[in-house]
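> Sequence and computational prediction follow.
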Amino acid sequence: MGNITYKAQEYSDSKQLPFRIEVEKYTLFSLFPDVTGRKVIDVGCGEGIYSRALVDLGAVHVIGVDGAADFIELARKKNVGYEGKIEYHYKLIQDFQGQGDRDLAVGSYVLSNPINLEEAVAYCKSINACLREGGRFVGFNNNPFEVFDGVRYAEYSFQKEMHGDTEGGEVIYRVLGMSNPIINFYLKPQTYEKAFREAGFSGFSWRRISLNPTNEQGEAYWRNLFANEPPFIAMLAEK
């Protein structure tokens with residue numbers, strides 16, 4: 001596997017877990033506009049699973065950007081059949097130079113990385129610079145409206161641990177099959193909203209996550225995940 005670490009492969013494998021497919025992917029893709037003939041950027045693309053899916057849906061060109069070299073290497077290895085349609089860049093999104101030509105920006109958990117307003121604005125400005133006028137950002141994120149002290153959701157093949165709503169505080173996800181936890185950082189909802197405004201987006205809204213109605217597990221299985229504020233949330237922004 002060359003420089004590809006177990007972390008990249010484990011994270012790739014985790015995309016096949018039910019919460020990834022039936023909630024994360026379903027929510028994201030239900031919020032996408034028609035991407036036929038469109039140009040897209042996948043920020044925090046990981047190993048490119050959504051980049052490839054966007055091409056399969058009809059996107060004419062996708063740029064995938066990620067700050068982890070092993071993820072980009074794995075994405076490039078999986079790019080067979082997508083040559084010329086997807087290009088991957090090993091770059092932190094806040095350092096990526098957009099060309100203002102993308103119709104859609106997709107970000108799965110990428111905005112769970114900033115630790116304060118200043119960093120969130122930098123991320124949002126870079127995303128904004130990638131989009132044409134009228135372009136849209138669709139994101140999937142740790143839910144800042146859910147605040148607790150402890151650990152939840154072990155029955156869904158992951159555990160979410162957090163300890164209150166201190167900005168920059170760690171939100172730790174331990175996912176089945178992954179050797180290391182995924183560390184997110186907590187920002188208040190108002191901080192995200194301000195970051196998008198300061199970055200020049202004309203509109204921003206939160207969207208509650210959705211469950212694929214044809215999921216194999218059944219509605220009762222997911223009841224606890226959706227009982228109150230769920231662990232994840234989606235966000236929409238327009239340029």
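Everything's here; your move. Numbers count the residues shown, from 1 in each chain.

> in whatever helix or strand Val138 lives in, what counts as buried?
Val138 is part of strand 131-142, with elements assigned from DSSP states H and E. Neighbour-count burial for strand 131-142 flags 131, 135-142 (criterion: 16 or more other CB atoms under 10 Å). All C-beta atoms are positioned from the backbone trio N, CA, C, and that covers glycine.

> Stretch 102-116 too?
Buried, per 16+ other CB under 10 Å, within stretch 102-116: 102-114.

> same question, stretch 226-233
230-233.

> Show only the entries of those found in strands.
Under the assignment DSSP state E, the buried residues of stretch 226-233 contribute 232-233 to strands.

> What residues are bridge-paired with Phe137?
Ala105, Ala237 (DSSP bridges).

> Show me what the helix or strand that contains Asp70 is packed against.
Using DSSP H and E, Asp70 maps to helix 69-77. Helix 69-77 sits against helix 6-14, strand 61-66, strand 86-90, with contacts defined as 3 or more CB pairs under 8 Å, 6 or more residues apart in numbering; DSSP states H and E.

> who does the shortest one pair up with?
When you say that, I think you mean strand 86-90. strand 61-66 (parallel).

> Next, the angle from the strand it pairs with to helix 69-77.
150 degrees (axes from the mean of the first three to the mean of the last three CA atoms, to 10 degrees).

> lowest confidence element among the helices and strands of this protein?
helix 6-14 (a mean of 87; mean pLDDT, DSSP states H and E).

> Tell me which helix or strand comes right after that one.
Taking DSSP H and E, what comes next after helix 6-14 is helix 18.

> Need the mean per-residue confidence for that following helix.
For helix 18, the mean per-residue pLDDT is 97.

> tell me how far that helix is from the chain's mean position?
16 Å (CA atoms, centre = their mean, to the nearest Å).

> who's in contact with it?
With CB atoms under 8 Å, 6 or more residues apart in numbering as the test, helix 18 has contacts from 156-157, 215-217.

> can you rerun that using 10 Å?
The set of residues external to helix 18 that reach it, using CB atoms under 10 Å, 6 or more residues apart in numbering, is 24, 156-157, 212, 215-217, 221-222.

> Buried members of these into PyMOL, please.
Here is the PyMOL command that selects the buried residues among the contacts of helix 18 (16+ other CB under 10 Å):
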select buried, resi 24+156+212+222
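
> Can you lay out the contacts of helix 18 as JSON lines showing pLDDT, secondary structure and distance to Ile93?
As requested, those are exported to JSON lines (pLDDT from 0 to 100; DSSP: H, G, I helix; E, B strand; the rest coil; distance: CB to CB, whole Å):
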{"residue": "Glu24", "pLDDT": "97", "secondary structure": "helix", "distance to Ile93": "19"}
{"residue": "Tyr156", "pLDDT": "98", "secondary structure": "helix", "distance to Ile93": "28"}
{"residue": "Ser157", "pLDDT": "97", "secondary structure": "coil", "distance to Ile93": "27"}
{"residue": "Asn212", "pLDDT": "98", "secondary structure": "coil", "distance to Ile93": "28"}
{"residue": "Asn215", "pLDDT": "97", "secondary structure": "coil", "distance to Ile93": "31"}
{"residue": "Glu216", "pLDDT": "95", "secondary structure": "coil", "distance to Ile93": "34"}
{"residue": "Gln217", "pLDDT": "96", "secondary structure": "coil", "distance to Ile93": "33"}
{"residue": "Tyr221", "pLDDT": "97", "secondary structure": "helix", "distance to Ile93": "34"}
{"residue": "Trp222", "pLDDT": "98", "secondary structure": "helix", "distance to Ile93": "31"}
